[in-house]
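Chemist: just a sequence and a predicted model for now, questions to come.
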Amino acid sequence: MLRKLIPLTALLIIILVIFGLMSFNRTPNLPPCEGNATYTLASDINGSLGVLVVYMDPGISHERAEAVFDAAKKAGAKWVRIGFIWALAEPSPREYNFTEFDWIINAALRRNLSVLPVVMFTPRWASKKPDAKDYYLYPPAEGEYVRDFGEALAAHYRGRITHWELWNEPDMGGFLKDPDGDGSTADDYAEMLAHFYSGIKAGDPNAKVVLGGLANSKVEPSCEKDYLRKLLSDPDFPAGENFDVMNIHTNFRSPEEIIEEIWETRAILREFSLEKPLWITETSYTPVRRFQILPCYLGEEGFDRYVHDALVVELNEGAEVVFWAALHDYGPDRPESDPYKHSGLYTYDLKPKRAVEVFKELSEELGG
């Protein structure tokens, strides 16, 4: 009898060890994944998918740029969102240098990729704080500076660029600085937006102005709260008449939080009797386990599922264009402590992750 028990005990120990190893890599007591919801694209959706392309600035090698745009096309993206650095394009007043921007934009257009340029970073000569080390993060000293630049842009790219975004996350202190120290940049951005809108329409009446994507973070201390309402109620430059497309970011939010964010945004617009098309120019998450804050989306498979679920929810909620951030991982300049470093559909070396196929299949489901 003892001889029979020994093998049985050993087998039980082995089973317990295996189970323990399996459990070690699992998060215990996970809450239900939002009611175990399954997110599927509604049949009547006709939105588009885009990708944020980082490092696509003058100075990038043409070979690298070609490879990046090829990767965006292969993934099924219809739009690419790139930076358009004002400080590089207008180094001196009304002396424009669009040569490399032209090459970059034309390279994307040759692949039938629509381009959303994000105009940002003030030239030193135009900045309200020209002597500051980060002068480029401050608004222009005169509204006419950004108006003239907007007009030059729209006229130069008329027929090629249909939408222009002014600034990235102006509600975040790391992207737009407060020059007068009143604790808010909403008044500064509202003024910039009014002049930029006037310039864009003067250069190309058919071009659309996209509001700078709002982070609207409820937890980040550097994010100015209630920013959209402040913009729309500005007494001197009420923003409602100075942009064509509403724009928010939904990074690292659960599907339920994304829906809540969209509803809150539309509710604020209705307070001011406004109805605007909605774009979401950044949706992001990470496959790196230590930065994954959503219990339903853990590990590589969780990352893949998040790419699908977040984009589907946004499209189903009526967003016309949604962008994944980013097309590829960030490079060596970003530390491993940055939660966004590995948020790409591709590695930095443009090796496809499984998420590329998720993104591509969703694009194909939209039917182009």
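Modeler: The structure has been received and is ready for your questions. Numbers count the residues shown, from 1 in each chain.
Chemist: which stretches of the protein have low pLDDT?
Modeler: 1-32, 34-36, 368 (pLDDT under 70).
Chemist: hmm, try it at 90
Modeler: 1-38, 46, 219, 367-368 (pLDDT under 90).
Chemist: all helices for the protein, in order.
Modeler: 2-24, 62-75, 86-89, 99-109, 143-156, 186-203, 227-232, 255-271, 299-316, 354-366 (DSSP state H).
Chemist: to Pro339, which of the ones you listed lies closest?
Modeler: When the helices of the chain are compared by C-beta to C-beta, helix 299-316 sits nearest Pro339, at 12.2 Å. Quick note: C-beta positions are derived from backbone N, CA and C, even for glycine.
Chemist: could you list the buried residues of that closest one?
Modeler: Residues of helix 299-316 classed as buried by neighbour count (16 or more other C-beta atoms under 10 Å): 302-316.
Chemist: now the angle from it to helix 255-271?
Modeler: With axes from the mean of the first three to the mean of the last three C-alpha atoms, to 10 degrees defining the directions, helix 299-316 sits at 30 degrees from helix 255-271.
Chemist: picking that back up, any idea which of the buried residues of helix 299-316 is closest to Thr122?
Modeler: Among these, and counting by C-beta to C-beta, the member closest to Thr122 is Glu314, at 30.9 Å.
Chemist: contact partners for the closest one?
Modeler: Neighbouring residues of Glu314 by C-beta atoms under 8 Å, 6 or more residues apart in numbering: Thr250, Ile258, Ile262, Ile280, Thr283, Val322.
Chemist: same question for Leu176.
Modeler: By C-beta under 8 Å, 6+ apart, Leu176 lies in contact with Leu137, Tyr138, Pro139, Trp167, Glu169, Pro170, Thr185, Asp188, Tyr189.
Chemist: and Asp178, how close does it get to Pro170?
Modeler: 11 Å (C-beta to C-beta, to the nearest Å).
Chemist: any common contacting residues for those two?
Modeler: The contact lists of Asp178 and Pro170 share Thr185, where a contact means C-beta under 8 Å, 6+ apart.
Chemist: and these two? Which one has more around it.
Modeler: Pro170 (26 against 17; other C-beta atoms under 10 Å).
Chemist: ok, the more buried one touching Cys223?
Modeler: No: applying C-beta atoms under 8 Å as the test, Pro170 and Cys223 come out as separate, 10.4 Å apart.
Chemist: how many neighbours does the closest residue to Glu169 other than its chain neighbours have?
Modeler: Nearest non-adjacent residue to Glu169, counting by C-beta to C-beta, 6 or more residues apart in numbering: Ala215, 4.4 Å away. Close neighbours of Ala215, defined as other C-beta under 10 Å, add up to 23.
Chemist: got a list of what Ala215 touches?
Modeler: Glu169, Asp171, Met172, Cys223, His249, Asn251.
Chemist: nearest to Leu362 among those?
Modeler: Nearest to Leu362, judged by C-beta to C-beta, of the contacts of Ala215 is Asn251 at 18.3 Å.
Chemist: what's the closest non-adjacent residue to the closest one?
Modeler: Ser284 (4.2 Å).
Chemist: for the most centrally placed residue in the chain, give me its contacts.
Modeler: By C-alpha atoms, centre = their mean, the chain has its centre lying nearest to Glu282, at 2.0 Å. Applying C-beta under 8 Å, 6+ apart to Glu282 gives the contacts Leu52, Gly213, His249, Thr250, Asn251, Phe323, Ala325.
Chemist: what sits opposite it in the beta ladder?
Modeler: His249 (DSSP bridges).
Chemist: how much space between it and Arg354?
Modeler: Relative to Arg354, and taking C-beta to C-beta, Glu282 is found at 21 Å.
Chemist: include distance to Ser233 when you put the contacts of Glu282 into TSV, please.
Modeler: Below are the contacts of Glu282 laid out as TSV (distance: C-beta to C-beta, whole Å):
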residue	distance to Ser233
Leu52	30
Gly213	20
His249	22
Thr250	24
Asn251	26
Phe323	28
Ala325	29
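Chemist: between the contacts of Leu176, which sits nearest Thr40?
Modeler: Of those, the one sitting nearest to Thr40 (C-beta to C-beta) turns out to be Glu169, at 30.5 Å.
Chemist: ok, now which ones touch the closest one?
Modeler: Contacts of Glu169 (C-beta under 8 Å, 6+ apart): Phe175, Leu176, Gly212, Gly213, Leu214, Ala215, His249.
Chemist: for the third one, give me its contacts.
Modeler: In other words, Gly212. So Gly212 contacts Val118, Met120, Glu165, Leu166, Trp167, Asn168, Glu169, Pro170, Tyr189, Leu193, Asn247 (C-beta under 8 Å, 6+ apart).
Chemist: which one is it nearest to, not counting chain neighbours?
Modeler: With C-beta to C-beta, 6+ apart as the criterion, Gly212 has its nearest non-adjacent residue at 3.8 Å, and that residue is Trp167.
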